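S.K.: Show me how the following folds:
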Amino acid sequence: MRKKWSILATLVGIGIILLGYQTKKSNIQSFQQDDKSVMIINLTKQQNFHFEYYLISGIALIGMGLLLTTDLFVTKKQIESHAPEISLTDQEKNVVALIETGKTNKEIATALSISLSTTKTHINNIYKKMQVNSRSELLKTLKI
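M.R.: Below you'll find the model as predicted:
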């Protein structure tokens, strides 16, 4: 689910920047009639900050999308460094990462787009592999 949000935020950010470029007004206008053409360059300072708003908003959304993506990779690496000798599946590593953040089973299921029953199965498998009986024991084991 977080991956979808990161992709969405990045794409919306890019879209806002492109929209800003389209709305940016040019200071050069040209007119042509028959053999004659005239170019007018507006040298006055304009108080038009609309493009800057689009640019800042777009960059902020792209950054947020990248931050969400980076967070996914960091939590997986943290789990791998905590318990390299235990072979957890990628999904189990994701569950452990969410347990470390204090999420409930229901929140974990929502975050990973899986059922509550599947979440409980993953947690039970993690407990067996890590040889623990509770979340607190799991967290203590990971901090060693």
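
S.K.: what's the domain layout of the chain?
M.R.: Listed by automatic domain parsing, the domain ranges of the chain are 1-27+39-71, 83-144.

S.K.: Comparing the ones you listed, which comes out most buried?
M.R.: Each of the domains of the chain was assessed for mean neighbour count using mean count of other CB atoms under 10 Å. The highest is domain 83-144, with a mean of 15. C-betas here are computed from N, CA, C, even on glycine.

S.K.: name the element the residue lying closest to Gln32 once chain neighbours are set aside belongs to?
M.R.: Excluding the flanking residues, the one nearest Gln32 by CB to CB, 6 or more residues apart in numbering is Val38, at 7.7 Å. According to DSSP states H and E, Val38 maps onto strand 36-41.

S.K.: Which elements pack onto that strand?
M.R.: Applying 3 or more CB pairs under 8 Å, 6 or more residues apart in numbering; DSSP states H and E, one finds that strand 36-41 makes contact with strand 28-33.

S.K.: what's the angle between the strand it packs on and strand 36-41?
M.R.: On the basis of axes from the mean of the first three to the mean of the last three CA atoms, to 10 degrees, strand 28-33 is oriented at 170 degrees to strand 36-41.
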